[in-house]
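A.B. asks: what follows is a predicted structure for the sequence shown.
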Amino acid sequence: MSTVIKGGTIVAADRTYEADILIEGEKIAAIGDNLAGDNTLDADGAYIIPGGIDPHTHLEMPFMGTTAAETWESGTFAALSGGTTTVVDFVIPGPEGMIAALDAWEERAQRQASSDYSLHMCVNGWSQKHFEEMAEVVGRGINTFKHFMAYKGALMVNDDEMFASFQRCAALGALPLVHAENGDIIAALQQKYLALGTTGPEAHAFSRPPEVEGEATNRAIMIADAAGVPVYIVHTSCEQAHEAIRRARQKGMRVYGEPLIQHLTLDESEYFNPDWDYSARRVMSPPFRDKSHQDSLWAGLAAGSLQVVATDHCAFTTEQKRTGVKDFTKIPNGTGGLEDRLPVLWTKGVETGRLTPNEFVAVTSTNIARILNIYPQKGAILPGSDADLVVFDPKLTKKISAASQKSIIDYNVFEGVEVKGLPRYTLSRGEVVWSHGKNDQPRPGRGRLVKRPAFPAVNKALSTWKELVAPRPVVRSAEHMPIGV
Ligand code: URP
Ligand code: ZN
Ligand code: ZN
Ligand code: ZN
């Protein structure tokens with residue numbers, strides 16, 4: 001069976017043009033005028049964009065004494081309904097190590113996912129076992145390793161552990177990812193606010209000021225540079241972190257930054273709401289920032305110093321959030337956004353002129369596909385690419401509401417936001433999996449694992465240059481040495 005998408009305007013990261021798209025099986029077969037197929041999808045008045053890739057999700061993540069309530073089934077269906085066709089989730093090793101955790105993640109995802117998915121591995125300690133397992137993880141199609149500089153006493157790693165792991169990444173052709181916040185200082189500030197009796201969600205923001213993120217971002221970049229490996233900073237939320245990334249890139253370092261749709265559009269005042277539940281539902285790390293930081297993040301996306309917009313979808317119910325009712329440090333950290341990322345970014349970014357439609361495509365799919373080494377299978381509208389496509393209708397509107405969302409969480413941090421621009425159709429590998437106004441349902445087991453090969457080329461370029469300019473010992477002849485020593 002073949003399908004032709006007709007009458008739309010194709011928006012890619014590099015250009016905009018009018019053409020039909022012929023899909024055969026799971027792939028794009030041709031792009032051109034007057035194409036014919038067994039079925040036709042109407043894209044009149046709509047844009048056709050690559051399916052979104054969300055490189056940062058935590059579906060059913062065990063965290064802070066509980067498990068994120070958004071399941072692989074509900075989360076990946078929510079993603080499709082919002083135009084995201086691939087999610088990349090983080091595997092968190094337990095005491096049994098990386099491989100056991102990877103098996104468990106793959107099993108959960110494979111059984112439940114409606115969308116395609118890929119995985120990152122977290123490095124939450126350092127030992128010979130970590131060193132060895134990393135090679136096996138790369139062999140299983142994972143080329144990214146995440147490091148937490150925060151969550152002291154839980155996921156946090158120290159500088160020496162990070163340096164060891166980054167060097168291992170360099171050798172394996174893998175890319176380290178970093179949650180950059182100074183975990184020691186946060187732990188101390190948390191105790192300070194609790195001692196002062198400030199126990200509410202606002203203290204979550206007070207104890208994680210932008211400076212702790214800026215410092216850690218600089219440190220992560222320095223460690224990556226010393227290890228000779230590129231680095232990707234997740235959830236870049238403030239000017240201090242963006243400034244570190246910008247400066248490193250100007251010095252020629254391969255450093256990437258990922259703002260979240262939440263940080264681009266929601267600010268710190270959310271934590272000052274008199275309703276405890278309202279504020280606690282918005283507790284995530286890094287916290288929402290003062291509005292001034294949003295201008296920096298938007299500018300970075302337009303200028304190219306920041307490359308990707310993600311969600312860090314890690315969704316807990318109100319009931320789960322209430323664990324921290326007497327102590328903000330016990331509120332499970334995380335917010336949702338999987339189904340709202342594209343519509344909210346289009347509305348607040350493209351409709352306002354902060355981003356061009358091409359920049360929108362770059363930051364929602366193409367850039368991350370390239371960074372993760374799955375381009376042009378994903379993130380592209382090219383013959384041979386997976387037919388992960390969104391017929392995006394800029395005239396469709398809705399008011400975001402938990403009552404009508406696909407996510408199973410009982411609230412939405414974007415509640416009440418009016419969006420303009422929604423998927424008319426979402427296609428995953430050639431199949432229509434979401435149609436606006438139809439009662440589509442999750443299709444657990446349909447999603448497929450996207451394996452990502454290591455990228456030796458980038459790491460080789462870096463290590464070749466490092467080797468060329470490495471410090472060399474000075475060779476001194478006997479006549480230039482002190483006599484008799
Ligand atoms: O608050 C957050 N971001 N929760 C998820 C875990 C993480 O730090 O990415
Ligand atoms: Zn994080
Ligand atoms: Zn995260
Ligand atoms: Zn001499």
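C.D. replies: Arrived safely, thanks for sending. Numbering: from 1, shown residues only. Ligands and ions are numbered 1, 2, ... in the order given.
A.B. asks: and the closest residue to residue 337 other than its chain neighbours, how far is that from ligand 1?
C.D. replies: Residue nearest to residue 337 in three dimensions, not counting chain neighbours: residue 311, with 3.7 Å by CB to CB, 6 or more residues apart in numbering. All C-beta spots, glycine's among them, are computed from the backbone N, C-alpha and C. Distance of residue 311 to ligand 1, given as CB to the nearest ligand atom, to the nearest Å: 10 Å.
A.B. asks: is it true that residue 311 touches residue 57?
C.D. replies: Yes: between residue 311 and residue 57 a contact is recorded at 6.7 Å, counting by CB atoms under 8 Å.
A.B. asks: where do the contact lists of these two overlap?
C.D. replies: residue 338 (CB atoms under 8 Å, 6 or more residues apart in numbering).
A.B. asks: quick one: average pLDDT of stretch 377-388?
C.D. replies: Averaged over stretch 377-388, pLDDT sits at 98.
A.B. asks: actually stretch 112-119, not the one I wrote
C.D. replies: 98.
A.B. asks: what does it contact?
C.D. replies: 71-73, 76-77, 79-80, 84-91, 102, 105-106, 109, 141-142, 372, 374, 378, 386, 388, 428-429, 433, 442-452.
A.B. asks: please check the residues you listed and keep the buried ones.
C.D. replies: Among the contacts of stretch 112-119, those buried by neighbour count (16 or more other CB atoms under 10 Å) are 71-73, 76-77, 79-80, 84-91, 102, 105-106, 109, 141-142, 372, 374, 378, 386, 388, 428-429, 433, 442-444, 446-450, 452.
A.B. asks: quick one: buried residues of the longest helix along the chain?
C.D. replies: Longest helix in the chain by number of residues, with DSSP state H as the criterion: helix 210-227. Of all the residues in helix 210-227, those buried under the rule 16+ other CB under 10 Å are 210, 212-225, 227.
A.B. asks: and for stretch 269-278?
C.D. replies: Quick answer for stretch 269-278 (16+ other CB under 10 Å): 270-271, 277-278.
A.B. asks: isn't residue 61 right next to residue 71, touching?
C.D. replies: No: applying CB under 8 Å, one finds residue 61 not in contact with residue 71, separated by 10.9 Å.
A.B. asks: residue of the stretch 351-485 of the chain nearest ligand 1, please.
C.D. replies: Of all residues in the stretch 351-485 of the chain, the one sitting closest to ligand 1 is residue 413 (11.9 Å; CB to the nearest ligand atom).
A.B. asks: now that residue, what's its secondary structure?
C.D. replies: coil (DSSP: H, G, I helix; E, B strand; the rest coil).
A.B. asks: neighbours around it, how many?
C.D. replies: 23 (other CB atoms under 10 Å).
A.B. asks: look up the residues forming beta bridges with residue 40.
C.D. replies: residue 4 (DSSP bridges).
A.B. asks: please, which helix or strand holds residue 54?
C.D. replies: Under the criterion of DSSP states H and E, residue 54 resides in strand 52-57.
A.B. asks: what about that strand, average pLDDT?
C.D. replies: Mean predicted lDDT for strand 52-57 stands at 98.
A.B. asks: would you map the strands across the stretch 1-150 of the chain?
C.D. replies: 2-6, 9-11, 16-18, 20-24, 27-32, 39-42, 47-50, 52-57, 62-63, 66-67, 84-91, 116-122, 144-148 (DSSP state E, counting those that start in this stretch).
A.B. asks: now the fourth one against strand 27-32, angle please.
C.D. replies: It refers to strand 20-24. When axes from the mean of the first three to the mean of the last three CA atoms, to 10 degrees is applied, the directions of strand 20-24 and strand 27-32 differ by 150 degrees.
A.B. asks: may I have strand 20-24 as PDB, with CA atoms only?
C.D. replies: Taking only C-alpha atoms (Å, rounded to 0.1, in the frame of the first residue of the first chain), the coordinates of strand 20-24 have been written out as PDB:
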ATOM      1  CA  ASP A  20       3.600  15.900  -2.800                       C
ATOM      2  CA  ILE A  21       5.100  13.100  -0.700                       C
ATOM      3  CA  LEU A  22       4.800   9.500  -1.800                       C
ATOM      4  CA  ILE A  23       5.100   6.900   1.000                       C
ATOM      5  CA  GLU A  24       5.700   3.300   0.300                       C
END
